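Colleague: return a 3D structure for these sequence lines:
(2 chains)
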2 protein chains.
Amino acid sequence: MSSPKLWRGQTLKDRSLDRREQMLDVGEELLGTGGVSAVTTRAVMRQTNLSPRYFYETFDSREDLVIAVYDRVESRLFERMRGVHTAGGLRAAIREIFEICARYFEEDPGRARILLREPLGDDTLRRHSADRAPTFLRMLIPILGAEADTIVPTDDEDLAIAAAALSGSLVSVYLEWVDGRLGVSRERLATAAVALVFAQLEAVRQHD
Amino acid sequence: MSSPKLWRGQTLKDRSLDRREQMLDVGEELLGTGGVSAVTTRAVMRQTNLSPRYFYETFDSREDLVIAVYDRVESRLFERMRGVHTAGGLRAAIREIFEICARYFEEDPGRARILLREPLGDDTLRRHSADRAPTFLRMLIPILGAEADTIVPTDDEDLAIAAAALSGSLVSVYLEWVDGRLGVSRERLATAAVALVFAQLEAVRQHD
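Modeller: Numbers count the residues shown, from 1 in each chain, chains lettered A, B, ... in the order given. Next comes the predicted model:
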């Protein structure tokens, strides 16, 4: 087998991945500051100095790029959750997750716009994030340990309702808060968020 | 006092109110089918056959018209709630309110778009509907009777969090359902919605 061709020490595949990251960086900047409508292939090409053929080699459409940006911002958030401490019990662990989210969004408010605000108004992102909500709940189970199994619904209907209700209420409360419309302390917000999680998971469960 | 001038049997004030209703009708049609971006003064003028001076005599801006449309759709919904039966207890009354909403939206899906979907993506409507949420909760108290007093938070912070959480979760669940993404029966949805109301009102209350 011959070794792959190198160009400035990179293989073709390396370079293609580099360009992908470059376009994702620009896409994230555009999406986080101007919303979905700001993410145009033209703007991405201009800011990356790449030609359109590279765009379409990497992404099927601008929607495809928007979703890839969303997924990267989400997976970086998930990464931070892997280290959550579960020794203090489920409530403490969920509270720690809310604090990780708050810090993540505070470091770069564009991330809140991408993960929380834009999916409310944009059809593509709304469908995509709605698909992700049950996945997110299921992902939390191994992180939170065996106790989580007892609160996350096992029934698919219950899980779907719980995911919609929880994501709706938490996104709403958090966005009201970052917009300065909810004059409560971060402490009070975290307490309320944890209580809302438990209350809603319990409420949707069918007792029959 | 001289009697007001008549034109085709109408006073000036009558005619001005008629034009307002005409513009609201067209605005509701545009907002319900095409969303906020479809409500332009140009489109309203074209479909009402009125001149722009009448528009600006009645509304300060297109945002002003959008909010007036929202308020009219909302107050017509409230009207239907005035007859809710409270004899069967609070849970039954709240369930009846959800059924009134479902019927109202089913009669004209544009109403769901105006009251539920558009406020998620549009800044003006979002601020306006967020302002309305605590009002809505307070309005329910006299309708639902004395029992409601025991579940609606009296503390302003609690009420604000409850309003944000409840509106977020119910809008999310209902929109997922009308979009056909939540494959549950109307019965199951109503049961879940009632349970979510009680659970969240209880959850946000500070026990100190």
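Colleague: need the per-residue pLDDT for A:Arg138.
Modeller: A:Arg138 is assigned 67 on the pLDDT scale.
Colleague: correction: A:Leu115
Modeller: The per-residue confidence score, pLDDT, reads 92 for A:Leu115.
Colleague: which ones are touching it?
Modeller: Contacts for A:Leu115 were tallied using Cβ atoms under 8 Å, 6 or more residues apart in numbering or on different chains; they are A:70, A:73-74, A:77, A:105, A:129. All C-beta atoms are positioned from the backbone trio N, CA, C, and that covers glycine.
Colleague: of the residues you listed, which is the nearest to A:Gly183?
Modeller: A:Gly183 lies nearest to A:Phe105 out of the contacts of A:Leu115, by Cβ to Cβ, at 18.3 Å.
Colleague: I figured the closest one was touching A:Arg117, is that so?
Modeller: No - the pair formed by A:Phe105 and A:Arg117 falls short of the contact definition of Cβ atoms under 8 Å, at 10.6 Å.
Colleague: neighbour count: these two, which is higher?
Modeller: Legend: neighbour count by other Cβ atoms under 10 Å in any protein chain shown for A:Phe105 and A:Arg117, higher for A:Arg117 (23 against 19).
Colleague: and the spatially most central residue of chain A, what does it touch?
Modeller: The centroid of chain A falls nearest to A:Glu74 when counting by Cα atoms, centre = their mean (2.9 Å). A:Glu74 makes contact with A:115, A:132 under the criterion Cβ under 8 Å, 6+ apart.
Colleague: for A:Arg19, what are its contacts?
Modeller: Contacts for A:Arg19 (Cβ under 8 Å, 6+ apart) come out as A:48, A:50, A:54, A:58.
Colleague: am I right that it is in a strand?
Modeller: No - with DSSP: H, G, I helix; E, B strand; the rest coil as the criterion, A:Arg19 is assigned helix and is not in a strand.
Colleague: from A:Glu63, how far off is it?
Modeller: Counting by Cβ to Cβ, to the nearest Å, the gap from A:Arg19 to A:Glu63 is 19 Å.
Colleague: let's have the contacts of A:Arg19 in JSON lines, adding pLDDT and neighbour count.
Modeller: As requested, these are exported to JSON lines (pLDDT from 0 to 100; neighbours: other Cβ atoms under 10 Å in any protein chain shown):
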{"residue": "A:Thr48", "pLDDT": "94", "neighbour count": "17"}
{"residue": "A:Leu50", "pLDDT": "92", "neighbour count": "17"}
{"residue": "A:Tyr54", "pLDDT": "92", "neighbour count": "18"}
{"residue": "A:Thr58", "pLDDT": "93", "neighbour count": "18"}
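Colleague: need the max-distance pair from those residues.
Modeller: Within the contacts of A:Arg19, two members stand farthest from each other by Cβ to Cβ: A:Thr48 and A:Thr58, at 10.7 Å.
Colleague: quick one: the contacts of A:Arg19 as a markdown table, columns for secondary structure too.
Modeller: Output for the contacts of A:Arg19, formatted as a markdown table (three-state DSSP):
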| residue | secondary structure |
| --- | --- |
| A:Thr48 | helix |
| A:Leu50 | coil |
| A:Tyr54 | helix |
| A:Thr58 | helix |
